[in-house]
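>>> give me coordinates for this.
(chains A and B)
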2 protein chains.
Amino acid sequence: MTSAKYDVLAIGNAIFDVLVQTDDAFLAAHQMNKGGMALIDEARAKAIYDAMGPATEMSGGSAANTVVGLASLGASVAYVGKVKDDQIGALYTHDIRSAGVSYLTKPAAAGPATGCSYILVTPDGERTMNTYLGAAQDLTPEDIDPAAIAASQYVYLEGYLWDPASAKEAFIKASKIAHDAGRKVALTLSDSFCVGRYRSEFLDLMRNGTVDIIFANESELSSLYETEDFDAALGQLRNDTRLGIVTRSEKGCVVASSDGVVAVPAHKIEKLVDTTGAGDLFAAGFLFGLVRNAGYENAGKLGALAAAEVIQHIGARPQVSLKDLAQKHGLPV
Amino acid sequence: MTSAKYDVLAIGNAIFDVLVQTDDAFLAAHQMNKGGMALIDEARAKAIYDAMGPATEMSGGSAANTVVGLASLGASVAYVGKVKDDQIGALYTHDIRSAGVSYLTKPAAAGPATGCSYILVTPDGERTMNTYLGAAQDLTPEDIDPAAIAASQYVYLEGYLWDPASAKEAFIKASKIAHDAGRKVALTLSDSFCVGRYRSEFLDLMRNGTVDIIFANESELSSLYETEDFDAALGQLRNDTRLGIVTRSEKGCVVASSDGVVAVPAHKIEKLVDTTGAGDLFAAGFLFGLVRNAGYENAGKLGALAAAEVIQHIGARPQVSLKDLAQKHGLPV
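Numbers count the residues shown, from 1 in each chain, chains lettered A, B, ... in the order given. Got it, this is the predicted structure:
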């Protein structure tokens, strides 16, 4: 294993976020599952957008948000995800590169537009996502650069990649290259409905060693093992993966490994505004802790701090330097 | 004079805002006039954007922000301004229509892209704008619908319209139609550098009765009359226009009319985040007061309240219902 050029390389669906503050009645009127991520086609995207109020736009995408958070903490990171060569793709490319991320993927010259997620934020701060994958569907194994993967200490993959058919192959290819180079592969389960769609495949990935580290929240864990019994599910997770990190919203997180189980409390917040990106930024902080060999407890604290920053404003990308924030809170950077 | 279909119809440069939080060093490195609006060409737009950090996007445009504020207060409003038929133009069109504004202008099928302003927000909350006019340059007198103008109680025009050559003709055409229908025409001076470019023309518009009402801030007033003596400038303004409203940031505003001069204090805020849209939303509140015949003092209070809302978050459009906010503060709606 040679030294790593990148601390973390992430692969995900490159999605532009269109965020709007709304009420629960809007979700009900449009048959949306509150708190979830629904895949939508172009016709449904148009219908939702036409019914939505004025929006704020910002680059998003789960794994992309995570590497942007890692860059803000001071890590060296790269991103693989597909946009189209259109106006929104140009905004997306600017935002991720100017955040300090090496963005490696060539935009699509033809085919669907850059993917968008119509994100409804309710007064309780919960976000409900409606994602039109667009060009993100066209990520293929050819977009995986073996040298970049082999040069990354961690490869981070999002479960959402199971939705576009060819991205799955890119995922498997990346994992093989990473393991051949002695690297570690992490997977976030992304969303409980996503887990519902791909439960047995995700379990296979864990059990056959395609992934080494699992990030999940409580409802994803519950969906994965089809049980409401948290401790039972956690026990199964410990059997199935070397390292599992389960986030529990205001109850903090639990880190399960061969060393045992460590619980880390959530970071206090003043006001919950928008949960978009909470899990993504938690993963950023935790992975940063792993990269810096800071121990699971510090990794959990870094994750909690990054998540706390992002849920106190609209949008899934940090608005301050997470490095400065971590230093202010006495955490290792 | 028949009854009005629209309380206010506004004409302005339709501009998409690309907002970024930065520091004073960035402004200095790029030779920007802090607090001003500079017109930039495509090459300079690219250079600034390439150097900028990750951004948040939102629809903007001075007069457009004002009518969105008026709609949020409950007024019936229309907007005239040119975007291109491109992705950003579609976002712009969605945002203004979903805010409750009748948006009347056909997008350009060819020519430059939808206009964008690269807005740098410094830690003191001040905003510095760099505007690429793009498709907004192609607003022409043909975009002015005489029936819509004649059916509007107030026509509101932005001084920025003096920048694109053919928009000026549209402005004059609209004023003539409005006056023939017995309506009033208001003008915002927009920006002290803009006043510097068109001082004698703006004074002519006031003196020859093309405009009836003037909105300005202190530095625009100072630039208009080329004096730092506020009282002297205000005296000249009273000679030159029937109704002049001068905003003075935290010192509130002064309303000068044939009835005398009324001073209205600013609305208290918790934290200044971003002054983008402060003048636009002040004008929204004040015009709303005029529309409702609420008197100059209430109009000033409505303006101060709307401005206070918009400067406490990123972006130039209100994030809450201004009608609810005004009711909460006991102001007429």
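
>>> close to chain B: what parts of the stretch 1-150 of chain A are there?
A:18, A:21, A:49-50, A:52-59, A:68, A:86-88, A:91, A:94-96, A:98-99, A:113 (CB under 8 Å from any CB of the partner chain). Glycine gets a C-beta too; all of them are placed from N, C-alpha and C.

>>> buried subset of the residues you listed?
Buried members of the residues of the stretch 1-150 of chain A next to chain B, counted by 16 or more other CB atoms under 10 Å in any protein chain shown: A:18, A:21, A:49, A:52, A:54-59, A:68, A:86-88, A:91, A:94-96, A:98-99, A:113.

>>> next step: the residues you listed restricted to strands.
Mapping those onto strands (DSSP state E) picks out A:18, A:21, A:56, A:57, A:58, A:59.

>>> wait, the fourth one sits on residue B:57?
Which is residue A:57. Yes. Counting by CB atoms under 8 Å, residue A:57 does reach residue B:57; the two are 4.0 Å apart.

>>> overlap of the contact sets of these two?
Common contact partners of residue A:57 and residue B:57 (CB atoms under 8 Å, 6 or more residues apart in numbering or on different chains): A:91, B:91.

>>> so which residues of chain A form helices?
In chain A, the helices defined using DSSP state H lie at A:24-29, A:42-51, A:62-73, A:87-98, A:146-150, A:165-180, A:192-207, A:218-225, A:230-240, A:278-291, A:296-310, A:322-328.

>>> of all the ones you listed, which one is nearest residue B:189?
helix A:87-98 (31.6 Å; CB to CB).

>>> can you tell me what sits against the closest one?
By CB under 8 Å, 6+ apart, the list of residues contacting helix A:87-98 reads A:14, A:16, A:57-59, A:64, A:67-68, A:79, A:83, A:103, A:107, A:113-114, A:116, A:135, A:317, B:18, B:49-50, B:52-55, B:57, B:86-88, B:113.

>>> chain neighbours aside, what residue packs nearest to the most centrally placed residue in chain A?
For chain A, residue A:62 is the residue whose C-alpha lies nearest the centre (CA atoms, centre = their mean; 3.2 Å). Nearest non-adjacent residue to residue A:62, counting by CB to CB, 6 or more residues apart in numbering or on different chains: residue A:158, 4.6 Å away.

>>> and that neighbour, what does it touch?
Going by CB under 8 Å, 6+ apart, residue A:158 touches A:10, A:11, A:12, A:13, A:62, A:63, A:187, A:188, A:190.

>>> do you know the pLDDT at the closest residue in space to residue A:203 that isn't next to it in sequence?
Closest residue in space to residue A:203, ignoring its immediate chain neighbours: residue A:240 at 6.7 Å, by CB to CB, 6+ apart. Listed pLDDT for residue A:240 reads 97.

>>> same question for residue A:2.
For residue A:2, the model assigns a pLDDT of 64.

>>> what separates residue A:290 from residue B:235, distance-wise?
69 Å (CB to CB, to the nearest Å).

>>> actually residue A:122, not the one I typed
According to CB to CB, residue A:122 stands 52 Å off from residue B:235.

>>> higher neighbour count, those two?
residue A:122 (19 against 14; other CB atoms under 10 Å in any protein chain shown).

>>> how about the contacts made by the more buried one?
Applying CB under 8 Å, 6+ apart, the residues near residue A:122 are A:21, A:22, A:23, A:24, A:27, A:34, A:128.

>>> can you do 10 Å?
Taking CB atoms under 10 Å, 6 or more residues apart in numbering or on different chains as the criterion, residue A:122 is in contact with A:21, A:22, A:23, A:24, A:25, A:26, A:27, A:34, A:35, A:128, A:274, A:275.

>>> my read is that residue A:73 contacts residue A:299, right?
No. Counting by CB atoms under 10 Å, residue A:299 is not a contact partner of residue A:73; they are 11.4 Å apart.

>>> which residues are common contacts for these two?
Shared contacts of residue A:73 and residue A:299, defined by CB under 10 Å, 6+ apart, comprise A:285, A:287, A:288, A:289, A:291, A:292, A:331.

>>> tell me, how many residues neighbour the third one?
Neighbourhood size, residue A:288 [other CB under 10 Å]: 32.

>>> can you check the pLDDT for the residue nearest to it when sequence neighbours are not counted?
In space, and not counting its chain neighbours, residue A:288 is closest to residue A:73: 4.5 Å by CB to CB, 6+ apart. On pLDDT, residue A:73 comes in at 98.

>>> who's in contact with residue A:73?
By CB under 10 Å, 6+ apart, the contact set of residue A:73 is A:7, A:281, A:284-285, A:287-289, A:291-292, A:302, A:305-306, A:318, A:321-326, A:331, A:333.

>>> go on, residue A:101?
Contacts of residue A:101 by CB under 10 Å, 6+ apart are A:6, A:8-10, A:64, A:67-68, A:70-72, A:75-79, A:95, B:54.

>>> in the sheet, who's paired with residue A:119?
On the basis of DSSP bridges, residue A:119 takes part in beta bridges with residue A:19, residue A:129.

>>> that one contacts residue A:17, doesn't it?
Yes. The pair residue A:119 and residue A:17 passes the contact test of CB under 10 Å, sitting 5.5 Å apart.

>>> the residue nearest to residue A:246 when sequence neighbours are not counted: how many residues sit nearby?
Nearest residue to residue A:246, sequence neighbours excluded (CB to CB, 6+ apart): residue A:254, at 4.8 Å. Neighbour count for residue A:254, taken as other CB under 10 Å: 21.

>>> now do residue A:254, the pLDDT please.
So residue A:254 comes in at 98 (pLDDT).

>>> could you list every residue that touches it?
Counting by CB under 10 Å, 6+ apart, residue A:254 touches A:218, A:221, A:230-231, A:234, A:237, A:244-248, A:261-264, A:300.

>>> kindly indicate the member of those with the most neighbours.
Among the contacts of residue A:254, residue A:245 has the most neighbours (other CB under 10 Å), with 29 neighbours.

>>> got phi/psi on residue A:212?
Main-chain torsions, residue A:212, degrees, to the nearest 10: phi -110, psi -30.

>>> OK, contacts around it?
Counting by CB under 10 Å, 6+ apart, residue A:212 makes contact with A:154-155, A:175, A:178-179, A:183-187, A:206, A:241-243.

>>> reformat those residues as a markdown table; add neighbour count and distance to chain B.
A markdown table is the format used below for the contacts of residue A:212 (neighbours: other CB atoms under 10 Å in any protein chain shown; distance: CB to the nearest CB, whole Å):
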| residue | neighbour count | distance to chain B |
| --- | --- | --- |
| A:154 | 23 | 22 |
| A:155 | 31 | 23 |
| A:175 | 23 | 29 |
| A:178 | 25 | 27 |
| A:179 | 17 | 32 |
| A:183 | 22 | 27 |
| A:184 | 18 | 28 |
| A:185 | 23 | 27 |
| A:186 | 26 | 24 |
| A:187 | 25 | 26 |
| A:206 | 22 | 33 |
| A:241 | 23 | 33 |
| A:242 | 15 | 34 |
| A:243 | 21 | 30 |
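
>>> for residue A:147, what are its contacts?
A:5, A:177, A:181.

>>> which among those residues count as buried?
Using 16+ other CB under 10 Å as the burial test, the contacts of residue A:147 include A:177, A:181 as buried.

>>> with respect to chain B, which of the contacts of residue A:147 is nearest?
Set against chain B, the nearest of the contacts of residue A:147 by CB to the nearest CB is residue A:5 (22.4 Å).

>>> that closest one reaches residue A:153, doesn't it?
Yes. Between residue A:5 and residue A:153 there is a contact under CB under 10 Å: 9.0 Å.
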